[in-house]
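1. what follows is a predicted structure for the sequence shown.
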Amino acid sequence: MQTEPVIRIIEAALFSAGRSLSLNELKNLFPEDSQPAENEIRAMIVELSENWQDSSIEICETASGFRIQAKALYSPWVSRLWEEKPQRYSRALLETLALIIYRQPVTRAEIEEVRGVAVSTNIMRTLLDHEWVRVVGHREVPGRPAMYATTKQLLEHFGMKSLDEMPTLAEVRDLEEVAKSHELTLPGIETEREAVQAQQEQEQEQEQEQEQEQEQEQPELLVEEQD
């Protein structure tokens with residue numbers, strides 16, 4: 001098989017997959033007796049990337065392989081294809097995730113020690129449900145608390161090949177200082193007003209749940225008194 005058909009097959013596969021494809025998956029697209037070597041596939045991917053430099057799409061290398069995606073420049077328009085707005089995450093959740101990324105493996109108590117406040121069960125459940133973090137073991141201390149670390153799914157979600165692409169802690173602090181000095185809101189982080197509102201809504205929901213539980217318990221108490 002000539003080089004030209006192979007590169008077009010790889011291009012079509014990446015375009016159609018809707019997810020990252022590893023070099024092995026791309027190699028297995030072809031019969032065993034005519035499979036290109038992984039270094040040849042990688043060279044073709046580089047060639048495709050060069051061909052798309054002036055295009056609205058690009059090839060991104062992630063922890064799971066390679067995928068085609070729209071360039072970030074066009075996200076304001078592409079995002080309108082989906083009616084649902086992207087989920088916004090609280091500062092508390094993002095701070096918890098950041099601590100796991102930079103200090104992994106880390107326990108919940110260690111996260112709370114750094115943040116100075118308790119980490120809610122909902123935050124840990126959200127991170128686990130998204131498969132951004134996982135339990136990798138237990139600290140050999142009384143109670144044997146679970147230790148958390150990041151996953152490949154986290155890298156895939158944020159389009160990263162490895163955690164080496166994350167900014168250093170110093171760069172993160174600099175970014176936060178710039179945001180504060182210019183009264184900016186970092187993407188995906190709730191403003192103070194939004195955080196207060198979310199907290200109030202959560203408290204109201206908890207009160208409603210408690211009232212419902214009490215109402216469900218009252219008939220049982222009446223029955224017991226009659227008996």
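-> Looks like it came in fine. Numbers count the residues shown, from 1 in each chain.

2. can you list contacts of stretch 65-78?
-> Stretch 65-78 has contacts (Cβ atoms under 8 Å, 6 or more residues apart in numbering) with 14-15, 17, 19-23, 25-26, 45, 56-60, 159. C-betas here are computed from N, CA, C, even on glycine.

3. what distance separates the start and the end of it?
-> Stretch 65-78 has an end-to-end distance of 23 Å (Cα to Cα, to the nearest Å).

4. also stretch 99-107?
-> OK, stretch 99-107 end separation, Cα to Cα: 10 Å.

5. now tell me what touches that stretch from outside.
-> Contacts of stretch 99-107 (Cβ under 8 Å, 6+ apart): 110-111, 114-115, 127, 133, 136-137, 139, 145-150, 154, 163, 166, 169.

6. of these, which belong to strands?
-> Using DSSP state E, the members of the contacts of stretch 99-107 that fall in strands are 133, 136, 137, 146, 147, 148, 149, 150.

7. grab the nearest non-local neighbour of residue 144.
-> residue 138 (4.2 Å; Cβ to Cβ, 6 or more residues apart in numbering).

8. just checking, residue 128 touches residue 122?
-> No - between residue 128 and residue 122 there is no contact under Cβ atoms under 8 Å: 10.8 Å.

9. now rank the ones in strands among the contacts of stretch 99-107 by neighbours and give me the top one.
-> Sorting these by how many neighbours each has (other Cβ atoms under 10 Å) puts residue 148 first, at 26 neighbours.
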